[in-house]
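Student: compute the structure for the input listed below.
(chains A and B)
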Protein chains: 2
Amino acid sequence: MDKVLGIDIGGTSIKVGLFSTEGTLEAVTKIPTGEIVSEAAFAVVTEGLKALLAENGVTPQDVIAIGLDVPGPVDDEGKVGMLPNIELDPDGLQAAIRRTFVNATLAFVNDANAAALGELWQGTAKGANSFVLIAIGTGVGGGVIANGKLVSGAFGAGGEIGHVTVNRDETASCGCGRKGCLEQYASATGIVRSYRRECERLGTEPVALDGPTDTLSVFEAHRAGDEAAHSALAQMCDRLGYAMAQISVVADPQIYLIGGGVGGGFKLYADDLRAAFRRYCLAPSVATRILPASLGNDAAMYGCAYQALLEHDA
Amino acid sequence: MDKVLGIDIGGTSIKVGLFSTEGTLEAVTKIPTGEIVSEAAFAVVTEGLKALLAENGVTPQDVIAIGLDVPGPVDDEGKVGMLPNIELDPDGLQAAIRRTFVNATLAFVNDANAAALGELWQGTAKGANSFVLIAIGTGVGGGVIANGKLVSGAFGAGGEIGHVTVNRDETASCGCGRKGCLEQYASATGIVRSYRRECERLGTEPVALDGPTDTLSVFEAHRAGDEAAHSALAQMCDRLGYAMAQISVVADPQIYLIGGGVGGGFKLYADDLRAAFRRYCLAPSVATRILPASLGNDAAMYGCAYQALLEHDA
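Tutor: Numbering: from 1, shown residues only, chains lettered A, B, ... in the order given. Okay, the predicted model is just below:
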């Protein structure tokens, strides 16, 4: 009864999925954590994992692979780089998990890369030879699949497509220190910022916004006919379509999948996005399909489990 | 005594290499051809191949794989797309070769992609897990290797890095119909054009140029201290370094190899190019190595042979 675990590591909790080796999600749990940097914190994680297994009649010995996705770069060798947004000691956590799960192959995966692998295993792109997942949330992440495999990159920067330069004239800096990155325009933050700017430009009153990443309200405004919201999404599509055209002259995927929180509004802007991509892309790539991702917030949990399973089977 | 053939298809002749399965180039021949679109023309090719084999004591039955590289897109399935620069009927030629070489696996490969595979098999990047070859000649081609495999692309546009947009303000059109492509600046044509412009701007007399792609004379002028030549190469490096930074957020290769005719002058502009890449790249990729390719004009001949061998062994 071989099982696989996928562990999605967030800032205040981890979400864990228990999978069959065929990719069926059999159970999920959320384990509240703080900083994961001490033996006590590692024990909270391992005890939580054991509890999930016990509830489902699985022993730690049954677990053959455990994936962990993290919000930061992981290179071709599986080495975790800088994690600016969470407090995690990956080596310590790995050692603690190894002690409890003696039969398991462990793998760290960048969160957006993991989401791509999830869609490859059980989502829209199941079995696809090549596609690029674009995860649009607070930031813009991505995962590139080529020849059926993840392109994680020699330095863990494979699929960092939030940092394709889309505007060389930008004066404001991106979080990466460079200027004019896709993430500055096509992220939730970027969309809300554009919306406010468009309201100002048009002299209209913005709808009530629940913080700087509340794209849901911008989407609702768009549905209600708000011109500024329409314009903000059109700008997002133009920048994103341009970036996708740059990606296509490198990786030329069969499919783009739009995921993350902003991916939820896909239908609203799908036509604009497809038109923008076609406007900018090289002729042969015009038939590239642009589709919504299907696993939502679970994608990365699926994908890191899959990566660990692949490494176990290799 | 298994053998492999690599056939580099040009506009007026084909160049053929006879290889061992280990990648040793044992003999080369050039076969003059015109348009390769008739049975008579196909026979010129197959007779030329047979003559090369006979001189080297090899029978057509010994040949287990034959690669053909073409100046145009070839997709993930090996299908040849539009070939604007040569007169070739790929299906007809393939059928003729199959009749003569009954044991051989045939593969078409895009020429720049083939050059990348050549460098992977027997060149600077031998055995590398990930790298991008940038072939700078009349145009700018490329080949992306990720996870040790060629990324040819769903529509054959993988590695079409001559068409990364580097200047959104450009008003002149690229051959692809878009504006501001890398190829417009960093190709031999682009370098010579920049040189002439810089001479005008500086009010200096250009050196004698042997046509619109004579970068050798620009390189010589640079060595002799010509300010306009220095400035033209600096501009080339800036555009190329910027494009490479865009490629790195998608594929994040371990190495960039600079090949093609302009690659021959690598030492002249290597420092400028490395500085430009570092100026634009995302922090994790700063350690990417930038090196000259090593197989020169034979790279594509090696690489298409290798691809055919890989498909034979698969």
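
Student: now the closest residue to chain B within the stretch 201-314 of chain A: closest residue in space that isn't a chain neighbour?
Tutor: Residue nearest to chain B within the stretch 201-314 of chain A (C-beta to the nearest C-beta): A:D252, separated by 2.7 Å. For every residue, glycine as well, the C-beta is placed using N, CA and C. Spatial nearest neighbour of A:D252, chain neighbours left out: B:G153 (2.7 Å); criterion: C-beta to C-beta, 6 or more residues apart in numbering or on different chains.

Student: I figured the one you found hits A:A251, correct?
Tutor: Yes. If you go by C-beta atoms under 8 Å, B:G153 and A:A251 touch, sitting 6.9 Å apart.

Student: pretty sure A:V109 is in a strand, no?
Tutor: Yes. Using DSSP: H, G, I helix; E, B strand; the rest coil, the assignment for A:V109 is a strand.

Student: that one touches A:G67, doesn't it?
Tutor: Yes. Contact criterion C-beta under 8 Å: A:V109 and A:G67 qualify, at 6.0 Å.

Student: so who does A:V80 touch?
Tutor: Going by C-beta atoms under 8 Å, 6 or more residues apart in numbering or on different chains, A:V80 touches A:70, A:72-74, A:90, A:108.

Student: can you list the residues of the stretch 101-250 of chain A near chain B?
Tutor: Residues of the stretch 101-250 of chain A lying close to chain B (C-beta under 8 Å from any C-beta of the partner chain) are A:129-130, A:144, A:146-147, A:149, A:151-161, A:163-165, A:168, A:176-178, A:242, A:245-250.

Student: can you pick out the ones from those residues that are in strands?
Tutor: Counting by DSSP state E, the members of those that fall within strands are A:144, A:146, A:149.

Student: who's in contact with the residue nearest to the last one when sequence neighbours are not counted?
Tutor: Closest residue to A:K149 apart from its sequence neighbours, by C-beta to C-beta, 6+ apart: B:N147 at 4.9 Å. Listed by C-beta under 8 Å, 6+ apart, the contact set of B:N147 reads A:146-147, A:149, A:151, B:129-130.

Student: what do you get if the cut-off is 10 Å, keeping everything else the same?
Tutor: B:N147 is in contact with A:76, A:146-152, A:158, B:129-130, counting by C-beta atoms under 10 Å, 6 or more residues apart in numbering or on different chains.

Student: now swap in A:F131 and tell me
Tutor: A:116, A:119-120, A:124-125, A:143-146, A:148, A:251, A:253-257, A:288-289, A:291, A:293, B:154.

Student: cutoff 7 Å now
Tutor: Neighbour list for A:F131: A:125, A:145, A:253-257 [criterion: C-beta atoms under 7 Å, 6 or more residues apart in numbering or on different chains].

Student: now do A:Y242
Tutor: A:166, A:276, A:280 are the contacts of A:Y242 under C-beta under 7 Å, 6+ apart.

Student: what helix or strand is the second one on?
Tutor: In this case it means A:A276. If you go by DSSP states H and E, A:A276 is part of helix A:266-280.

Student: packing partners of the helix or strand following that helix?
Tutor: Sequence order places strand A:289-292 as the next helix or strand after helix A:266-280, per DSSP H and E. With contacts taken as 3 or more C-beta pairs under 7 Å, 6 or more residues apart in numbering or on different chains; DSSP states H and E, strand A:289-292 sits against strand A:255-259, helix A:266-280.

Student: redo these as JSON lines? Include mean neighbour count and distance to B:L5.
Tutor: Formatted as JSON lines, those follow (neighbours: other C-beta atoms under 10 Å in any protein chain shown; distance: least, C-beta to C-beta, whole Å):
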{"stretch": "strand A:255-259", "mean neighbour count": "26", "distance to B:L5": "35"}
{"stretch": "helix A:266-280", "mean neighbour count": "17", "distance to B:L5": "39"}
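
Student: so for A:I191, which of those sits nearest?
Tutor: Evaluated over the helices and strands packed on strand A:289-292, closeness to A:I191 peaks at helix A:266-280, with 9.8 Å, by C-beta to C-beta.

Student: picking up where we left off before, identify, from the contacts of A:F131, the entry nearest to A:A95.
Tutor: A:I145 (30.4 Å).

Student: what bridges to that closest one?
Tutor: A:F131, A:L150 (DSSP bridges).

Student: just the local confidence number for it, please.
Tutor: With respect to pLDDT, A:I145 has a value of 98.

Student: per-residue pLDDT of the residue of the stretch 101-250 of chain A found nearest chain B, please?
Tutor: For the stretch 101-250 of chain A, the residue closest to chain B is A:G153, as judged by C-beta to the nearest C-beta, at 2.7 Å. Reading off the confidence values, A:G153 has pLDDT 95.

Student: in the stretch 201-314 of chain A, where is pLDDT below threshold?
Tutor: For the stretch 201-314 of chain A, no stretch has pLDDT under 70.

Student: quick one: what helix or strand has A:L120 in it?
Tutor: helix A:111-122.

Student: and that helix with strand A:255-259, angle?
Tutor: 120 degrees (axes from the mean of the first three to the mean of the last three C-alpha atoms, to 10 degrees).

Student: against which helices or strands is helix A:111-122 packed?
Tutor: By 3+ C-beta pairs under 7 Å, 6+ apart, helix A:111-122 packs against strand A:63-70, strand A:131-136, strand A:140-146, strand A:149-150, helix A:299-313.

Student: count the neighbours of the residue of the stretch 101-250 of chain A closest to chain B for me.
Tutor: Residues near A:G153, counting by other C-beta atoms under 10 Å in any protein chain shown, number 29.

Student: residues contacting it?
Tutor: A:G153 touches A:75-76, B:251-252, counting by C-beta under 7 Å, 6+ apart.

Student: quick one: which of these has the most company?
Tutor: That'd be B:D252 among the contacts of A:G153, by other C-beta under 10 Å, with 29 neighbours.

Student: let me know whether that residue touches B:V286 as I believe.
Tutor: No. Counting by C-beta atoms under 7 Å, B:D252 sits too far from B:V286 to count as a contact (11.4 Å).

Student: as a quick check, tell me the outermost residue of chain A.
Tutor: A:G203 (35.4 Å; C-alpha atoms, centre = their mean).

Student: which helix or strand contains A:A229?
Tutor: According to DSSP H and E, A:A229 maps onto helix A:227-248.

Student: next, the angle helix A:266-280 makes with that helix.
Tutor: Using the same axes, to 10 degrees: helix A:227-248 against helix A:266-280 is 50 degrees.

Student: could I get the contacts of B:N147 as TSV with distance to A:T215?
Tutor: Formatted as TSV, those follow (distance: C-beta to C-beta, whole Å):
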residue	distance to A:T215
A:D76	33
A:A146	30
A:N147	34
A:G148	32
A:K149	32
A:L150	27
A:V151	28
A:S152	28
A:G158	26
B:N129	38
B:S130	35
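
Student: and those, which of them are buried?
Tutor: Burial by neighbour count, judged by 16 or more other C-beta atoms under 10 Å in any protein chain shown, picks out A:76, A:146-147, A:149-152, A:158, B:129-130 from the contacts of B:N147.
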